[in-house]
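Engineer: Predicted model follows, preceded by the sequence.
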Amino acid sequence: MRLGLMLGYAAGKYELPLELVREADRLGVHAVWTAEAYGSDAVTPLAWLGAQTERIKLGTAIMQMPGRTPANAAMTAMTFNQLSGGRFLMGLGLSGPQVVEGWHGVSYAQPLARTREYVEIVRRIFAREAPLTFEGRHYQIPYRGDDATGLGKPLKSTLAADRNIPIYLAAIGPKNVELAAEIADGWLPIFFAPERYDAVFKPHVESGLAKAGKTLDGFDIAPTVSVVINDNLDIAYNMLRPMLALYVGGMGARGKNFYYDMAVRYGFEGAAAEIQDLYLAGDKGAAMARVPAELIDAVALVGPRGRVRERLSIWRDSPVTTLNMTVFDVETLRTMVELMAE
């Protein structure tokens with residue numbers, strides 16, 4: 001298992017933690033990842049970081065597919081990969097219906113079929129074997145809708161490309177996880193619980209791999225994991241309660257919240273219902289207080305150094321291959337690198 005660094009997306013003013021990323025590059029951390037929601041984009045800050053680092057891989061976790069045509073995403077990936085010396089990791093995802101339809105203004109319908117077509121088109125563009133044509137349910141290239149001019153021409157990218165740029169998919173639902181294992185090079189889960197992998201994720205990962213004739217060997221399972229090292233365990237827990245309350249309680253509508261559903265699959269149905277009820281009623285503080293310590297321990301590494309070292313062994317014994325840390329300071333980063341070396 002290797003370490004990655006997850007920076008996420010920005011709210012308010014975007015200030016990149018340059019010291020943190022430079023230290024991660026110096027220490028040999030595998031990759032740094034940026035994200036986007038409906039504010040900062042994932043690619044611009046990553047390019048800024050690429051210009052100021054030397055070895056660390058540069059990943060998007062994720063580029064929102066509904067916000068870009070497949071060709072536009074492929075162009076970005078090929079350009080970025082060339083300029084960075086082959087360091088780009090292409091993380092893709094759908095986001096959710098609130099953002100897709102409320103922000104990007106496009107349909108969220110049939111997300112699995114759209115994802116499958118999108119990734120296939122991107123891979124064809126990378127391969128540059130022929131001018132691009134595609135006849136899918138959601139994408140037709142050249143475009144041939146009722147309002148088409150009829151002048152569309154199949155094109156092949158003018159830019160040389162590495163056909164093996166790794167493609168990762170963000171997924172947490174059963175069918176999405178299966179699809180990621182089938183068609184992607186890696187999987188970017190959030191709030192991953194290693195002790196519940198066998199019961200919650202393993203059947204879907206294995207089914208997807210089997211469909212593609214693949215094995216776990218070479219498939220990068222790369223969850224985002226918050227790390228808070230603090231001698232006061234209660235302080236460590238409280239630092240993560242706001243984020244979990246936001247996702248479980250408010251990141252999606254009632255009945256259409258993927259993070260709520262995952263907490264339920266982990267066995268926290270009662271707590272998840274309380275958190276959601278309180279959050280949607282506007283009592284965010286009470287919602288945060290209801291986040292169980294057991295849920296935090298299931299998906300994060302928190303507490304004194306010795307406790308984090310002990311619980312890190314759970315992650316080492318899981319199929320996780322890249323542990324993408326969310327850390328808040330350079331000292332925690334250095335500590336995690338030291339613990340991984342022990």
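Structural biologist: The structure has been received and is ready for your questions.
Engineer: switch to C-alpha atoms for all contacts and neighbour counts from now on
Structural biologist: Fine.
Engineer: Break down the stretch 201-342 of the chain into its helices, ranges please.
Structural biologist: 202-211, 233-245, 258-265, 269-280, 284-289, 293-299, 305-316, 330-341 (DSSP state H, counting those that start in this stretch).
Engineer: Using TSV, lay out these together with mean neighbour count.
Structural biologist: Output for the helices of the stretch 201-342 of the chain, formatted as TSV (neighbours: other Cα atoms under 10 Å):
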stretch	mean neighbour count
helix 202-211	18
helix 233-245	18
helix 258-265	20
helix 269-280	20
helix 284-289	18
helix 293-299	17
helix 305-316	16
helix 330-341	16
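Engineer: Which one of the ones you listed lies nearest to Gly93?
Structural biologist: Among the helices of the stretch 201-342 of the chain, helix 258-265 comes nearest to Gly93, with 13.4 Å by Cα to Cα.
Engineer: tilt between that closest one and helix 269-280?
Structural biologist: 150 degrees (axes from the mean of the first three to the mean of the last three Cα atoms, to 10 degrees).
Engineer: closest one to Leu159 among the helices of the stretch 201-342 of the chain?
Structural biologist: Closest approach to Leu159 among the helices of the stretch 201-342 of the chain (Cα to Cα): helix 202-211, 31.3 Å.
Engineer: low-scoring stretches of this structure, by residue?
Structural biologist: Applying pLDDT under 70 to the chain flags no residue at all.
Engineer: Walk me through the domains of the protein.
Structural biologist: By the assignment in automatic domain parsing, the chain contains the domains 2-226+314-341, 231-303.
Engineer: re earlier: make JSON lines out of the helices of the stretch 201-342 of the chain and add distance to Thr60.
Structural biologist: As requested, the helices of the stretch 201-342 of the chain are exported to JSON lines (distance: least, Cα to Cα, whole Å):
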{"stretch": "helix 202-211", "distance to Thr60": "22"}
{"stretch": "helix 233-245", "distance to Thr60": "20"}
{"stretch": "helix 258-265", "distance to Thr60": "20"}
{"stretch": "helix 269-280", "distance to Thr60": "29"}
{"stretch": "helix 284-289", "distance to Thr60": "29"}
{"stretch": "helix 293-299", "distance to Thr60": "21"}
{"stretch": "helix 305-316", "distance to Thr60": "23"}
{"stretch": "helix 330-341", "distance to Thr60": "20"}
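Engineer: So which elements touch the lengthiest helix in the chain?
Structural biologist: Secondary structure of the chain per DSSP state H: the longest helix is helix 111-127. When contacts are defined as 3 or more Cα pairs under 8 Å, 6 or more residues apart in numbering; DSSP states H and E, helix 111-127 sits against helix 70-83, helix 174-183.
Engineer: winner for burial among those helices?
Structural biologist: helix 174-183 (a mean of 22; mean count of other Cα atoms under 10 Å).
Engineer: What is that helix packed up against?
Structural biologist: On a contact count with 3+ Cα pairs under 8 Å, 6+ apart, helix 174-183 meets helix 111-127, strand 167-170, strand 186-188, helix 202-211.
Engineer: packing partners for the second one?
Structural biologist: Going back to what we said before, that points to strand 167-170. If you count contacts as 3+ Cα pairs under 8 Å, 6+ apart, strand 167-170 packs onto strand 88-93, helix 174-183, strand 186-188.
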